[in-house]
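S.K.: Sequence first, predicted model second:
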Amino acid sequence: MNSVLEVIVSRCLGCHTCEMECALAHSKSETFVEAFYSKEHLYPRIILDVDGDDVIPTHCRHCTDAPCITVCPTASMARSGLEEPVVLNIEKCIGCNACVMVCPFGIIKAIPETITLSKCDLCVDRLEEGKIPACAAGCPTGAIRYTEIKDITADRRKEIINKFRVSMVQSKTLES
C-alpha cells in the first residue's frame, strides 16, 4: 500500500471524533442526527487506547502478509489486490476468532450482540471515491493523517538530519 494511517500521539486529545466519524462512515445513516434516531447499532473500527497521559488511536495496519487472511477458514478476511486494504466480509464471517488470535496488533474485535467481528478497512468505499478515511478526515488536530509512505520516510529523515546537526553543533561547542 502506498498510503497508511499515520498517528501522531502528541496531537491526540482523546476527543473520540475519529471513532464517531468511523462509525458514521460505516453506517447506513448520512448524518449523526439520522444515526442517533435510527435503530442501527453503530460501532467504530478504530480503537482509542489510554496509556498514562497519552491517548493512542490504534487501527489495522493492513499487513502485507496479513496473518488474518491466512487463517480465515471462510475467506471472509481478504484483499482485492496487494495494494488494497484488508477487509472483512461480515456476511461470510462465522466468528471463529482465528484472526483475533493471530493479529499482531490486537485490533480485530467482536461486534457487540453478534457473532461477527470488525476491523478497520481504511474506509475502502471512501478511498474508491477519492476521499481519505473518515477518522483522518474528521480528526480536528491532525493526530490521524492518511499519508503516503514516501512522505513519512522523508519526514523521518529530516528529523534525523536535524538531530545530527544539533549533535554536531554540541560537539563543536565542547571542542572549543
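M.R.: Sure, I can see it. What you see is a predicted model; the values in this text were computed from it and never measured. Residues are numbered from 1 along each chain as shown.

S.K.: how many other residues sit next to Val4?
M.R.: Using other Cβ atoms under 10 Å, Val4 has 17 other residues around it. Bear in mind the C-beta positions are built from the backbone N, C-alpha and C, glycine included.

S.K.: Next: Arg157.
M.R.: Taking other Cβ under 10 Å as the definition, Arg157 ends up with a neighbour count of 10.

S.K.: can you confirm it is in a strand?
M.R.: No - with DSSP: H, G, I helix; E, B strand; the rest coil as the criterion, Arg157 is assigned helix and is not in a strand.

S.K.: I'd like the numbering to begin with 35 instead of 1 from here.
M.R.: Done: numbering now begins at 35, and the last item shifts to Arg191.

S.K.: Would you check how far apart it and Val38 are?
M.R.: Applying Cβ to Cβ, to the nearest Å, the value for Arg191 to Val38 is 17 Å.

S.K.: Pro78 touches Glu53, doesn't it?
M.R.: Yes - using Cβ atoms under 8 Å, Pro78 is in contact with Glu53, at 3.8 Å.

S.K.: More neighbours: which of these two?
M.R.: Pro78 (23 against 20).

S.K.: Who are the contact partners of that one?
M.R.: Cys52, Glu53, Met54, Cys56, Ala57 (Cβ atoms under 8 Å, 6 or more residues apart in numbering).

S.K.: Apply 6 Å and report the result again.
M.R.: Contacts for Pro78 (Cβ atoms under 6 Å, 6 or more residues apart in numbering) come out as Glu53, Cys56, Ala57.

S.K.: isn't there a helix covering Ile166?
M.R.: No - Ile166 sits outside any helix when classified using three-state DSSP, being coil.

S.K.: Kindly indicate which of the contacts of Pro78 lies nearest Asp83.
M.R.: If you rank the contacts of Pro78 by distance to Asp83 using Cβ to Cβ, Glu53 comes first, at 11.8 Å.
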